[in-house]
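Trainee: Quick one: sequence and predicted model below, then my questions.
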Amino acid sequence: MSRQQYTVPAVEKALRILKYLKKRGSRSCSVTQIARELGINKGTCFTILQTLVAHNFVNFNENTKEYSLGWALPELAGAVMEQASWPKLARLKIKSLLDGTYFTGCIWKRVSFRRVILLDKIELENQTRITLPLGTRMPITAGSMGQCFTAFLPEEEREQLIKTELIKFTPHSLCDPEVFRKKIKEVQERGFAEDYEGYERGISGVSAPVFDAEGNVLTVLTLVTISSLYSKDVIRTYGQKLAECSREMTALLGGKFPGMR
């Protein structure tokens, strides 16, 4: 008996839908488009989508009537993080930067057009802790992490976020579009971003992107700390170290930096 005979058609269709939504990234789509592209009966496709929505594997936008990947998938990814090889390497790399410091390391992943989620957090024993639970969701433009995600998006998508998603969390938040554009240009040139109390008072940090084989941001690594513990020059130095760390991981993953062929 062939392997194909052991599969369940409804599950096969659900997996095809999820893979299709993953391929589209942040671009949501209607049930009609999904059914047409995958060659699935529209009624069947709608029923499967509603089931996936009920379990948070797919998001449904009531206004646009369109679907995108849901929050349950990052939660599963978090479990995989404990088993996969590169996240373990990421933890080791970040931890090596944390030795003797008061930084907390974070690993972020984009999950929708406007949101990212905290997949993992690395802390040393007996250090000052920053409260940031796993699964925390944040606006994609927030902090140094947000600069890294937006810096390497297609221009049209980036501009839409700049025009609509620059949120004032503190007096130091980057809310001026021109200033934000200048900052992400620096990220593109240096490979890391800095944020000094732009998301939360008293907290500063640096971030660096890791790229996949297509040259897209796979994940963003972040180091955050209590602002009063370090000068901006010291924090910037750790940004440079984190950028080197992210470049190493991109190479190990077979990733490609933007502009490479």
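Mentor: Structure's in. What do you need?

Trainee: next one: stretch 187-206 to chain centre, how far?
Mentor: Relative to its chain's centre, stretch 187-206 lies at 16 Å (Cα atoms, centre = their mean, to the nearest Å).

Trainee: Just the endpoints, please. Distance across it?
Mentor: 11 Å (Cα to Cα, to the nearest Å).

Trainee: can you list the residues that contact stretch 174-193?
Mentor: The contact list for stretch 174-193 (Cβ atoms under 8 Å, 6 or more residues apart in numbering) reads 141, 144-145, 147-148, 150-152, 158, 162-163, 166-168, 198, 206-209, 239-240, 242-243, 246-247, 258. Every residue, glycine included, has its C-beta placed from N, CA and C.

Trainee: repeat that for 7 Å
Mentor: Stretch 174-193 has contacts (Cβ atoms under 7 Å, 6 or more residues apart in numbering) with 144, 147-148, 150-151, 162-163, 166, 168, 198, 206-208, 239-240, 242-243, 247.

Trainee: Can you select the buried ones from those residues in PyMOL?
Mentor: A single PyMOL command is used to select the members of the contacts of stretch 174-193 judged buried by 16 or more other Cβ atoms under 10 Å:
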select buried, resi 144+147+148+150+151+162+166+198+206+207+208+239+242+243+247
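
Trainee: Out of the contacts of stretch 174-193, list just those in strands.
Mentor: Applying DSSP state E to the contacts of stretch 174-193, the entries found in strands are 206, 207, 208.

Trainee: quick one: contacts for the last one?
Mentor: The one in question is residue 208. 148, 191, 192, 221, 242, 243, 245, 246.

Trainee: Give me the phi and psi for the nearest residue to residue 147 once chain neighbours are set aside.
Mentor: In this structure, residue 147 finds its nearest non-sequential neighbour in residue 193, 3.7 Å apart by Cβ to Cβ, 6 or more residues apart in numbering. Main-chain torsions, residue 193, degrees, to the nearest 10: phi -120, psi 150.

Trainee: Compute the number of surrounding residues for residue 193.
Mentor: 29 (other Cβ atoms under 10 Å).

Trainee: The one 3 residues further on too?
Mentor: As a burial measure, the neighbour count of residue 196 was computed by other Cβ under 10 Å and equals 17.

Trainee: and it, bridged to which residues?
Mentor: residue 204 (DSSP bridges).

Trainee: one step back: return the member of the ones in strands among the contacts of stretch 174-193 nearest to residue 89.
Mentor: Comparing these against residue 89 with Cβ to Cβ places residue 208 closest, at 14.7 Å.

Trainee: quick one: the closest one and residue 216, what's the gap?
Mentor: 15 Å (Cβ to Cβ, to the nearest Å).

Trainee: same thing with residue 46?
Mentor: Counting by Cβ to Cβ, the gap between residue 46 and residue 216 amounts to 30 Å.

Trainee: circling back to that earlier point, could the contacts of residue 208 be laid out in TSV, adding pLDDT?
Mentor: Below are the contacts of residue 208 laid out as TSV (pLDDT from 0 to 100):
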residue	pLDDT
148	94
191	92
192	95
221	95
242	94
243	94
245	90
246	91
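
Trainee: so can I have TSV of the ones in strands among the contacts of stretch 174-193 showing pLDDT and distance to residue 87?
Mentor: Shown next, in TSV, are those (pLDDT from 0 to 100; distance: Cβ to Cβ, whole Å):
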residue	pLDDT	distance to residue 87
206	96	20
207	95	17
208	95	16
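
Trainee: Pick the one among the residues you listed closest to residue 112.
Mentor: Distances from residue 112 to those, taken as Cβ to Cβ, are shortest for residue 207 (18.9 Å).

Trainee: who's in contact with that closest one?
Mentor: 144, 145, 147, 148, 192, 193, 220, 221, 222.

Trainee: Any chance of JSON lines for these, columns distance to residue 178?
Mentor: As requested, the contacts of residue 207 are exported to JSON lines (distance: Cβ to Cβ, whole Å):
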{"residue": "144", "distance to residue 178": "19"}
{"residue": "145", "distance to residue 178": "21"}
{"residue": "147", "distance to residue 178": "14"}
{"residue": "148", "distance to residue 178": "19"}
{"residue": "192", "distance to residue 178": "21"}
{"residue": "193", "distance to residue 178": "17"}
{"residue": "220", "distance to residue 178": "23"}
{"residue": "221", "distance to residue 178": "27"}
{"residue": "222", "distance to residue 178": "25"}
